[in-house]
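# the sequence and its predicted three-dimensional model are supplied below.
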Amino acid sequence: MPPPAVLTRLQPLGFTAGGRQLLVSAAFDRGQGQDESFCASFTIDPLATGDPAPPVAAAAPATGCPAPPPLSQRDATGRSWQIDGNDIVILPGAGGGAPLRLASPRQRYDSGSVSPDAQFVAQVAVSGSGDSVETRVVARSLRSGTVFPEARFRGGYGRVQWLDDGRLLLIPWPEADDFCVGTVPETLIVDAATGAIVDHAATLRQLNPLGSDGTLVAIGPAACPSPGTRAADIVMIRRPPKVDQRWKMRDGTGVWLPLDLPTLAGREIARLTARPDGSGIALMTAAPRRTRDLPYSGWRILLAGLDARQQPVRTGLLPDRFDDPDNDLEQGNLWGFGIGRDGKVLVVGVENHVFCFETATGKAIFHTGDLEYGFDSPSFYSADRAALMIGGARLSKFVLYDLGNGKPAYIDARGLQSAGVLPGRNLLWSLSRDGTARFYDRRSRARILTSFRLPDGGYFTLDTTNRYDTNQGADSATVRWRLTDRPWETLPPQMFMRDRYEPDLLPRRLDCTMAGTCDQVFRPLPLVASLNRALPQVRIVAARPGPTPTTARVDVEARIIDVGGATSGLHDLRLLRDNRLVAQWPLPRERGDGSDDDRDRLRPDAQGIVRHSFVVPLPVTRANAPVAFTAYGFNADHRKGETSDPVRLAPPFLATRQRRAFVLTIGIDRYAIPGRTLDFAAADARALAGALARIDGYPKVYPLTLVADGTVNHATRALIRAAFALLAGMPGDWAKQLQRAGVETNGFGAATPDDIVVISWSGHGIADATGHFALLPSDARQADAFTPPDPASLVSADDLAAWLRPLDAGETALIIDACHSAASVTAGGFKPGPMGDAGLGQLAFDKGIRVLAATQADDVALESREQGLGLLTATLINEGLGGKAPGTSDGWVRLDAVLRHAAARLPQLMAEQAARAEQAADATWPPLLVAASPQPPRPQVPAVFDFTGRSSPAWVSAVPQ
């Protein structure tokens, strides 16, 4: 199966007879380093609906182009095309309208670097001229695709380097010959996540980081010379400004100071490089010149070790001649001088030769001989004790020399900009000018995966088995599949999503490649030939007002398709309102909601068409805010078909209906099962209900608290089920059932698309060996201590999904403060995509439910006796709702920011608490009197599952605690 590919160039051929597709000859990059030309087709039908055009599709290439179907230079409406640079512009026909630009998604950067942990990449692009030169800095996560805010700086910063996994060093280019003139921008240290300047320094020649704390080393003049003279070179060091505990700057730091190296003996310094750990520097020196216009001569290398205070402790000159007279270092154009990331090897490039020396001993360990054409003036080089890497921006490959046997290996990397070795791992990386990152197994030289950068923060990561990860939606047109047996047709990404989509592919694939365990980490892939590639075609016939002012009737039609003898079939027709699941047909079962062929299969009429009419609620408190309905179905192999074009409907505006908030909190301290007692779960429920009493824009907040604390027992399975059913508006006397048990509902009822729902559960949770999760209501049953609880008495993740499925609120958040609670979402190998599977994770994705789980799937949730609450609830209230979450403004904060902050802050709080406890023990008790205690628990690590792709519209009160 050919891999999907990312588009680089386009050449239109013509329109198909129906005008829905423009056939294109295109150049693609499959991640293997070279452009390849293939045929492809792109749907341009969005013009007919008036919707914005999607990004250009990129199809998987096939070998050769068969004869295309009949084509024309204009479509049925008179549209034509023209080429504009790398883009195709579709020109409107007789009906008018705006031109449609099919733009190449590629961008270009001037420099780039990968972080030491291989999780982040940063690149810079310099534009403008003269006084208007500007540098854009873009950093992104290779793991999640998250693009940090773009930072812009005046001046040309042509070199970017990671100081550590969070900070960037931006160095102007070209570098200053000396800094006395004062026209070169300052060197900057920037926070990669925020773009904020952390520190800055005057720019000197050959500036290098010395360690990762922000210390810099460079070449500077001993004094600013008078006109017509030049000053002697000296090495200068700049330590970062230090801060005391009150964050006040101390004096005497952050300035350039000379570093005494007496062995220079008046020689000029041509190049300087530093060990990454800050333990030493290396200098390339030359005989003095009368003017800087003269070439250097008489090369000598000086190595200097540094102590903990960064003062020279040993210096030594390397020999200027090798055993072979032809390998003399004495003359030639010096283009390379650097120490590899492991700090053990110094690389020197002179003319068309590269020399390698041990930094510890100065011993010459490798010489390339004459380099192949194209590698004689590379733009980057790197080495460690095992290998030397050389490459350049004008090359489409780099060479890796084995320092043991001297053999070179050439590795393709299209548009190569920079490359390197990841410290401590047998991994190589390369960056291309368009932002593409590639990773290779250093042992075999084989490419492992490629991560493409797409517009607007998009990414598409592809490994050599055609498994992929992306933040593009299942219906994205940016990347599409194409197979050799149907070369003029592209398939949507979701065609192979079930088998080949792997969230967090990059770290998982790199880790398993190093460990040799990829066969255990990833499931075997089915043969493509065995899959049903015929997909049902679904469209919305009409969307119109429903039987009541607050409902709509949406008529949907699905056509069964035959392709190459295969029939698509149709399963599980789904309707979305504003990209969220609002209805499906047939209705799923409440328990054991799996894929049942007999139940889910929909049978067409004689014309191969299935029709169904949905009646669904509408939001009616937003004036002039139309909603968009879309629909899709699954084929016989449960593979999602393409989503229909949207049909919009403007709901009526009903000023009489107010937006409401419903807060259901559940806390269970006392259980029918002996030995399950908790102390603060009921307190969690009451405290969180009080903390959420004010939500901006929702004048009515209706709480319902169900607890079992020894005085009341309102958290039974039946009463919890009744509360969920009441929220979802399910038929039945659910309110009376709660009231008969002594629970006052007080306005708590059915939520609408105008409302918000927050549900929390504090109590015990369990996960079995297969990862399936369940919560224990107060009346959960267990025969004895040696058998698991009765499943029928529990609330499983599937139960939660079934109870939440009919809920149709505008915003829903679920907080589970229980052991193993992340398994409620991740069970069953959940993948965040429209798979049509059962389970809470799938429902959270389909309906946009935000889930905060107190722990990972294999961990426990803890309570805090000091605060009288569960740790997660305490963090939510005291931190997230206590005015400390990012984005808090005037006493209000978005709900999703509260959830994310609590998840990030809880492990930090636990670490701080453990440190305080350790310090207290050390200060209070003599060592022999400290009582033995068990190992402290692992830090509790919550997890947030938020697949909405947007900020919450709900602002909750954030009052400092």
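Arrived safely, thanks for sending.
# could you give the mean pLDDT of stretch 746-759?
Per-residue pLDDT over stretch 746-759 has a mean of 94.
# can you map out the strands along the stretch 351-500 of the chain?
Ranges of strands in the stretch 351-500 of the chain, per DSSP state E, counting those that start in this stretch, are 353-358, 364-367, 380-383, 387-391, 397-402, 408-412, 416-421, 427-432, 437-441, 447-454, 458-463, 468-470.
# who are the packing partners of the fifth one?
Where contact means 3 or more CB pairs under 8 Å, 6 or more residues apart in numbering; DSSP states H and E, strand 397-402 is packed against strand 387-391, strand 408-412, strand 416-421. Every C-beta, even on glycine, is put in place using the N, C-alpha and C of the backbone.
# then the fourth one?
Contacts defined by 3+ CB pairs under 8 Å, 6+ apart place strand 387-391 against strand 345-350, strand 353-358, strand 380-383, strand 397-402, strand 416-421.
# from the chain's centroid, how far away is it?
For strand 387-391, the separation from the chain centroid amounts to 29 Å (computed by CA atoms, centre = their mean, to the nearest Å).
# one more: the second one?
The offset between the C-alpha centroid of strand 364-367 and the centroid of the whole chain comes to 41 Å, using CA atoms, centre = their mean.
# now the shortest one
Its chain's average C-alpha position is 10 Å from that of strand 468-470, according to CA atoms, centre = their mean.
# mean confidence for that strand?
Strand 468-470 carries an average pLDDT of 88.
# who touches that strand?
Contact partners of strand 468-470, identified using CB atoms under 8 Å, 6 or more residues apart in numbering, comprise 4, 145, 458-462, 476, 479, 493, 500-506.
# buried only: go through those for me.
Among those, the ones that count as buried by 16 or more other CB atoms under 10 Å are 4, 145, 458-462, 476, 479, 493, 500-502, 505-506.
# so where's the stretch 851-961 of the chain uncertain?
Applying pLDDT under 70 to the stretch 851-961 of the chain flags the ranges 855-867, 911-942, 960-961.
# who does the residue nearest to Asp260 when sequence neighbours are not counted bridge with?
Excluding its sequence neighbours, the residue lying closest to Asp260 (CB to CB, 6 or more residues apart in numbering) is Pro312, at 6.6 Å. According to DSSP bridges, the partner residues bridging Pro312 are Leu306.
# would you check that Pro312 makes contact with Leu259?
Yes - counting by CB atoms under 8 Å, Pro312 does reach Leu259; the two are 6.9 Å apart.
# gap between Leu302 and Phe120?
34 Å (CB to CB, to the nearest Å).
# repeat for Met497
26 Å.
# between these two, tell me which one has more neighbours.
Phe120 (22 against 18; other CB atoms under 10 Å).
# ok, the more buried one - contacts?
Shown in contact with Phe120 (CB under 8 Å, 6+ apart): Val114, Ala139, Arg140, Ser141, Leu142, Trp162, Asp165, Ala192.
# now the buried members of these.
Among the contacts of Phe120, those classed as buried by 16+ other CB under 10 Å are Val114, Ala139, Arg140, Ser141, Leu142, Trp162, Ala192.
# any idea which of those residues is closest to Ile766?
Ile766 lies nearest to Ser141 out of the buried ones among the contacts of Phe120, by CB to CB, at 33.3 Å.
# if we ignore the residues flanking it in sequence, what's nearest that closest one?
Excluding the flanking residues, the one nearest Ser141 by CB to CB, 6+ apart is Phe120, at 5.7 Å.
# so among the contacts of Phe120, where is pLDDT lowest?
Leu142 (76).
# so that residue makes contact with Gly112?
No - with contact defined as CB under 8 Å, Leu142 does not count as touching Gly112 (11.9 Å).
# what do these two both touch?
Joint contacts of Leu142 and Gly112 (CB under 8 Å, 6+ apart) are Val121.
# picking that back up, so for Gln82, which of the strands of the stretch 351-500 of the chain sits nearest?
Closest of those to Gln82 is strand 447-454, at 24.6 Å (criterion: CB to CB).
# if I take that closest one and strand 437-441, what angle do their directions form?
Strand 447-454 runs at 170 degrees relative to strand 437-441, counting by axes from the mean of the first three to the mean of the last three CA atoms, to 10 degrees.
# what's strand 447-454 packed up against?
Using 3+ CB pairs under 8 Å, 6+ apart, strand 447-454 sits against strand 437-441, strand 458-463, helix 505-515.
# can you do 10 Å?
Secondary-structure packing of strand 447-454 (3 or more CB pairs under 10 Å, 6 or more residues apart in numbering; DSSP states H and E): strand 6-15, strand 120-127, strand 134-141, strand 427-432, strand 437-441, strand 458-463, strand 468-470, helix 505-515.
# what angle do it and strand 458-463 make?
170 degrees.
# let the chain start at 17 from now.
Got it, first residue is 17 now, which makes that one strand 463-470.
# partners of Arg664 in the sheet?
Bridge pairing for Arg664 - DSSP bridges - gives Ala644.
# and for Val679?
Pro719, Val774.
# repeat that for the one 4 residues further on.
Beta bridges link Gly683 to Val723, Ser778, judged by DSSP bridges.
# swap in Leu318?
For Leu318, the beta-bridge partners are Leu299, Leu333 (DSSP bridges).
# gap between it and Arg357?
Leu318 is 21 Å from Arg357, by CB to CB.
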